[in-house]
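Peer 1: Sequence below, structure please.
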Amino acid sequence: MTQPLESIEALSQRWVPGPVAYAVLSTMAALLAMIIVVMMVYATRHGVLTLNRLLGHQRHPYLDIDQADWPLITVFIAAHNEEQVIAGCLQALLDTNYPLDRLKVVPVNDRSTDGTRAIIDDWVGRYPGRIVPFHRTKGKPGKAAALKDALQHAQGDIVIIFDADYVPGRGLLKQLVAPFFDPEVGAVMGRVVPVNTGVNLLTRMLDLERSGGYQVDQQARMNLRLVPQYGGTVGGVRCSAVAAVGGWHDDTLAEDTDITYRLLLNGWKTVYTNRSECYEEVPQDWQVRIKQIKRWAKGHNQVMVRYGLRFAFSPYLSWRERLDGLLLLCVFVLPPLLLMGWLLALGLYFFNAGDMLTGLISLFALMAYGTLGNFAAFFEIAVAVLLDGKRRRLRLLPLSLLGFVISLFAISSSVWGQLMDKLLRRDMVWDKTVRYRQPSVEQ
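Peer 2: Numbers count the residues shown, from 1 in each chain. Coordinates of the predicted model:
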């Protein structure tokens, strides 16, 4: 008669580690403790930003600038295979209340292989002098490379940038230009609002995510004079500032984060204007979403490696700005750290030299973070939904955990792939986000 198999717990209780195993377990425990500390720092950050947005003084320093001697500006529309959406963006910009004699609209057609060029040329013919196209037929792929080449076609010192799927409102250009009357401002960012939220569960969850990121996170950083981030669209840059920091770098997947940190490192300010809203399309299927967030993670981590150390010791920034900027830079390192923490906690639970208390404490610590730390981001989203006056959307908040888990594994996979790219010296490839809007009949 065979003896029943002993449980893993019983085996672990009877196992007495030698010196090497004890050293390994001690190292695992130390790593887990450090990971939990890092996670709790981010949890505290989420809590501080959320409470500030709820209870603190709200800074909108440029909101009252409505009448002014508006400067000459150029609006770039970043377009790569955008035949489905480019017309809507062009029409919206033609309907702006910004003085037309001080506005130059430049569709930056970056090597499109669909009908984007024909649509742009048709609009140029219908509105001669108001739209000046830049057809880029060769060169390095990617938005950063296209903007770098297009900058020579800019008129005036202010460039406002939209991706082609955005639909700016009539007064948006004035709202985005107003902060540039402050000569210390190098970049301005408005609020991104999804337009296709009602399509499916994913678009609704991304709407919640955008609300938390802009309504709470960005505005609170503006309130506390921390590091509002220029996001690459629904925003603008001062051309002289960009030139002073070396122009657009065409070897990055996150040109927005890259230019944000180079401007800050050289003493320029970034500004967030929460009431400058513009609609965008968000991914409608998980495959597109995963590709998008992987690209963001790789680009963000590029900037972290390049500028993290310099940012930590920048003489132009306060200690609060440096801390916030470093936490923002490292945000895409958190998912693999969290996965590592789970593995370490499970390992300590099952192989704890007979001391079950140690293993239970390890699991409890990680679960405590999961309850109070990781979910601090969801508290942030809940507050954003309340501030937006859309309480019914709170019913979707528990489902955001699904998006969190998928993003957790997608970003962790991206970080691993980025390490392999570095080891194998593979070039990173820019991947355009799929569009869904159907072209209008007017095109």
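Peer 1: can you map out the helices along the stretch 201-350 of the chain?
Peer 2: Listed from the start of the chain, the stretch 201-350 of the chain has helices (DSSP state H, counting those that start in this stretch) covering 201-211, 219-223, 239-244, 255-265, 286-312, 319-329, 334-350.
Peer 1: Now do the strands in the stretch 101-250 of the chain.
Peer 2: 103-110, 134-136, 158-163, 167-168, 185-194, 235-238 (DSSP state E, counting those that start in this stretch).
Peer 1: I'd like a version of those strands in JSON lines, one that adds mean neighbour count and distance to residue 328 as further columns.
Peer 2: Heads up, the C-betas are built off the backbone N, CA and C, glycines and all. JSON lines is the format used below for the strands of the stretch 101-250 of the chain (neighbours: other C-beta atoms under 10 Å; distance: least, C-beta to C-beta, whole Å):
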{"stretch": "strand 103-110", "mean neighbour count": "23", "distance to residue 328": "27"}
{"stretch": "strand 134-136", "mean neighbour count": "17", "distance to residue 328": "31"}
{"stretch": "strand 158-163", "mean neighbour count": "25", "distance to residue 328": "20"}
{"stretch": "strand 167-168", "mean neighbour count": "22", "distance to residue 328": "26"}
{"stretch": "strand 185-194", "mean neighbour count": "24", "distance to residue 328": "13"}
{"stretch": "strand 235-238", "mean neighbour count": "26", "distance to residue 328": "16"}
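Peer 1: so what does the strand ranked longest in the chain touch, helix or strand wise?
Peer 2: Determined from DSSP state E, the single longest strand within the chain is strand 269-280. Here strand 269-280 touches strand 167-168, helix 172-177, strand 185-194, helix 219-223, helix 255-265, going by 3 or more C-beta pairs under 8 Å, 6 or more residues apart in numbering; DSSP states H and E.
Peer 1: okay if I get the strands of the stretch 101-250 of the chain as TSV plus distance to residue 284 and mean pLDDT?
Peer 2: Converted to TSV, the strands of the stretch 101-250 of the chain look like this (distance: least, C-beta to C-beta, whole Å; pLDDT from 0 to 100):
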stretch	distance to residue 284	mean pLDDT
strand 103-110	23	96
strand 134-136	28	95
strand 158-163	16	97
strand 167-168	17	94
strand 185-194	10	97
strand 235-238	24	98
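Peer 1: Which of these sits closest to residue 218?
Peer 2: Nearest to residue 218, of all those, is strand 185-194, at 7.1 Å by C-beta to C-beta.
Peer 1: Need the helices of the stretch 201-350 of the chain in a markdown table (columns: mean neighbour count, distance to residue 419 and mean pLDDT).
Peer 2: Listed next are the helices of the stretch 201-350 of the chain as a markdown table, based on neighbours: other C-beta atoms under 10 Å; distance: least, C-beta to C-beta, whole Å; pLDDT from 0 to 100:
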| stretch | mean neighbour count | distance to residue 419 | mean pLDDT |
| --- | --- | --- | --- |
| helix 201-211 | 20 | 26 | 94 |
| helix 219-223 | 23 | 29 | 98 |
| helix 239-244 | 17 | 31 | 96 |
| helix 255-265 | 24 | 19 | 97 |
| helix 286-312 | 18 | 10 | 94 |
| helix 319-329 | 18 | 17 | 96 |
| helix 334-350 | 18 | 10 | 83 |
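Peer 1: what does the average pLDDT come to for stretch 413-426?
Peer 2: Stretch 413-426 shows an average pLDDT of 86 in the prediction.
Peer 1: tell me which residues of that stretch are tucked away?
Peer 2: Applying a neighbour-count criterion of 16 or more other C-beta atoms under 10 Å, the buried positions in stretch 413-426 are 414, 415, 418.
Peer 1: Now for the second one, which secondary structure element holds it?
Peer 2: The secondary structure element spanning residue 415 is helix 400-424 (assigned by DSSP states H and E).
Peer 1: looking at the helices of the stretch 201-350 of the chain, which is closest to residue 134?
Peer 2: Nearest of the helices of the stretch 201-350 of the chain (C-beta to C-beta): helix 239-244, 15.1 Å.
Peer 1: and the closest one, how far from the chain's centre?
Peer 2: Centroid separation for helix 239-244 versus its chain: 23 Å, with C-alpha atoms, centre = their mean, to the nearest Å.
Peer 1: Which other helices and strands does it contact?
Peer 2: Against helix 239-244 (3+ C-beta pairs under 8 Å, 6+ apart) you get strand 158-163, strand 185-194, helix 255-265.
Peer 1: Let me have the ones you listed in JSON lines, adding distance to residue 118 as columns.
Peer 2: Formatted as JSON lines, the helices and strands packed on helix 239-244 follow (distance: least, C-beta to C-beta, whole Å):
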{"stretch": "strand 158-163", "distance to residue 118": "20"}
{"stretch": "strand 185-194", "distance to residue 118": "28"}
{"stretch": "helix 255-265", "distance to residue 118": "27"}
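Peer 1: Which among those is found nearest to residue 228?
Peer 2: strand 185-194 (6.2 Å).
Peer 1: got the angle for that closest one vs helix 201-211?
Peer 2: Interaxial angle, strand 185-194 versus helix 201-211 (axes from the mean of the first three to the mean of the last three C-alpha atoms, to 10 degrees): 150 degrees.
Peer 1: who does strand 185-194 pair up with?
Peer 2: strand 235-238 (antiparallel), strand 269-280 (parallel) (DSSP bridges).
Peer 1: most packed of these?
Peer 2: strand 235-238 (a mean of 26; mean count of other C-beta atoms under 10 Å).
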